[in-house]
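>>> no letters, just coordinates:
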RNA sequence: GCGAAAGUGGCGGAAUCUGGUAGACGCGCUGGACUUAGGAUCCAGUCCUUUCCGGGUGGGGGUUCAAAUCCCCCCUUUCGCACCA
């Protein structure tokens, strides 16, 4: 009866959404205080690149954070949930070239469109704190960051071999080269020798690795990826000598215990040492020819050549300081210029790469490690190097030393003799941050013929981007062609000087934006120390896994640097990291503009309402899983909302119950008791699900509760209304408009998001009887009902007197009785 | 090649952290009710095989009274790294 009457209540989502979005706006519900006065919660989602409008992937990402923010509000915390735009970058320039717009026009127009869409979704962002990284008010402080790094010697210029994208005509950081190609346009990357700006992130390599252990709430895979990216390895540096010139040839090795097995040395083609070799003209020609050939190879070719290795003999020899032995000195492509010293000692018998190379060029092999004292290796029969630890042989005084112990001994000996030392090495390289493009923050440096590199004084920041005639990439920054921009007086000596014409990598902008949100209007500082002290660290940071070895390392680096110079207190910026899964199209393909399969949340929102779109997305799968979007999921949640959940307000009886009270189980009739227990179980489950961002199961718990709830069977009005209101509260973070509307229909006047999150009644999460399984030899044979926490004797007795069980016990003796309270009895018989 | 994660009905997924009645919740499907009609709503059913018994969480082995869950080997998929000496 109740249901029929209730069904006439129309779920007019459009009116509901409009009403509450306006109310929330006018009440400034999401406005976070400058300084929190209660427990704080900083909920951060990665800001967005404004490439067009918002799609399903954004939508999913942001509703996850939104539900967290709302849940935290209901837990009584001051919640900071800001949003902004990562607005510098190449696509704006491309659009500018194609459509003859200013990059700023294109960017701001996109921001406008996306912001409007986001506002329509009703996500609880505090829009007062919105930041746009390409605005002078923001990039002024990006430049300020550069200046601080420069002052500490952590921003510096050097000439080196860099990744060059011939399409975009700019240099790229290592992190932006994927499989030897430009991350953005997929053009194979070339190597060029150029003078560029770097941040000395390698100074922080140890802290960046070691502090990962202090982040228990970061996903293990991200931490592992960062460890490998930084790639710390321990070993020794040993100085070989070049015969003739006597120049030192230091090499890094993790296996000093194989040093007596060196049969040749190899230099990277790019190594400057190659030029200094005293080669005869015959060899010099060969080496030059080889070098030029190698440099023409693409990164892809060089990187993928894992099997085939080549090189050329220089005619020169190197001397092993341990044995005095002379070995051939080669130039080889497989030696990386940027790692270690750009040279290696080659031990074909104990290194797979050297093994292949030696086989190819018929270089001798020398065995200096045996697997153990019993087994000897035979070089003729070996098909690969023996690379494991073992016993040193043919190594003079070191013979018999084993593994790590051997490594220590050899290194100590070298140190004692002065031709070697312990050494740590990293794969991580310094972060190349200069770009030869227009749409970025100008590097705030002035090059003075007298004073050298001078930082722009802080009072003169920002260095504004000048207008330029066109944005076509030409291999140098478009800013270089603007005379009025370039020529400037030196801030130190007043003489004629020139501005640096490069702009910064956009990852610099995104390395500190989380701090600007704390104090976005501050004109005197990037942010006030007090806001940082009170709001940091970020409590939950949500974003895509794609940033694991880029942004998520950079921003940790910035945080550490800012701590070192006294601006923040914490070593780590984010306490917890959560990686959301991708949203694919229904066929399981990645959505992209070029494929034309981008799905917007707008259509679903228009047709069925925001909350149903949200619930559908939540219900589809746990938030960290990749999903294929399908409208099919909407059917279930829509039926649930329209037929079950929203009609709850029709069953509300206007009793205005006290929500802080608990009911006594003994005072309730059978049905009421069971629904009260169900309610408390649901509160427990839903709360736990919110904590771990598992919204799909939170929804199913609420579905069960509403399924079991039957107002007709409840006599007590207060009790009836109590259940309804608690259910609405539990739904609020996931379906905010719906819950707010229902909350008010139940007579409330304040926002549900200022109401208190339900706490479950610990004495009412269990029934006083339980159904437990009875197993015989581990197989379920029956089910019996017992009082909760029954004794073992009671349980076993009940189990053995069960007729079904008795059949299986017939004629057998009981060896063992296992009783797990409230779960099962297992009888082991024979 | 190295590293990580994951494999459960026709489908999305529960249960995995903490070993204890596998398949919650929903989609889809089947049958029924109500209807002029229904892509609406309601009710029932839905792992396989089936009276019972039995089998079943990618495959194989192990630990255990008991394994989707823990351990070992293998296969597959996804992601990351890709000559880092």
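It's in. Given the structure is predicted, the values throughout are model-derived calculations rather than measurements.

>>> so which bits of the stretch 601-750 of chain A are right by RNA strand B?
A:619-622, A:625, A:627, A:632-633, A:635-637, A:639-640, A:643-644, A:694, A:696-697, A:699-700, A:703-704, A:707 (Cβ under 7 Å from any atom of the strand). Yep, even glycine has a C-beta here, placed from its N, CA and C like the rest.

>>> phi, psi for residue A:781 please.
phi -120, psi -20 (degrees, to the nearest 10).

>>> what pLDDT does the residue in the stretch 351-500 of chain A positioned nearest to RNA strand B get?
Minimum separation of the stretch 351-500 of chain A from RNA strand B (Cβ to the nearest atom of the strand) falls at residue A:427, amounting to 3.3 Å. Model confidence at residue A:427, given as pLDDT, is 93.

>>> which residue, other than its chain neighbours, is closest to it?
Excluding its sequence neighbours, the residue lying closest to residue A:427 (Cβ to Cβ, 6 or more residues apart in numbering) is residue A:231, at 2.9 Å.

>>> I'd like the next helix or strand past the helix or strand harbouring residue A:112.
According to DSSP states H and E, residue A:112 maps onto helix A:103-121. Counting by DSSP H and E, the next helix or strand C-terminal to helix A:103-121 is strand A:131-132.

>>> ok, which stretches of the stretch 51-200 of chain A are strands?
A:78-80, A:84-85, A:131-132, A:155-165, A:170-172, A:177-178, A:181-182, A:190-199 (DSSP state E, counting those that start in this stretch).

>>> sheet partners, orientation included, of the first one?
Pairing partners of strand A:78-80, with direction, according to DSSP bridges: strand A:40-45 (parallel).

>>> please apply the same query to the third one.
Take DSSP bridges as the rule and strand A:131-132 pairs in its sheet with strand A:84-85 (parallel).

>>> rewinding a little: wasn't the residue of the stretch 351-500 of chain A closest to RNA strand B part of a strand?
No: applying DSSP: H, G, I helix; E, B strand; the rest coil, one finds residue A:427 to be coil, outside a strand.

>>> now do it against residue A:552, distance only.
Going from residue A:427 to residue A:552 by Cβ to Cβ, to the nearest Å gives 17 Å.

>>> neighbour-wise, which of the two wins?
residue A:552 (24 against 15; other Cβ atoms under 10 Å).

>>> can you tell me the helix or strand for the more buried one?
Here residue A:552 is assigned to helix A:551-564, by DSSP H and E.

>>> what's the first helix or strand after that helix?
Counting by DSSP H and E, what follows helix A:551-564 is strand A:577-579.

>>> now check that following strand, is it near RNA strand B?
No: using Cβ under 7 Å from any atom of the strand, we find that strand A:577-579 stays clear of RNA strand B, coming within 9.8 Å at best.

>>> buried stuff in that strand?
A:577-579 (16 or more other Cβ atoms under 10 Å).

>>> got a list of what the nearest residue to residue A:690 once chain neighbours are set aside touches?
Distance criterion Cβ to Cβ, 6+ apart; nearest residue to residue A:690, sequence neighbours excluded, is residue A:71 at 4.8 Å. Taking Cβ atoms under 8 Å, 6 or more residues apart in numbering, we find residue A:71 in contact with A:690, A:733, A:757.
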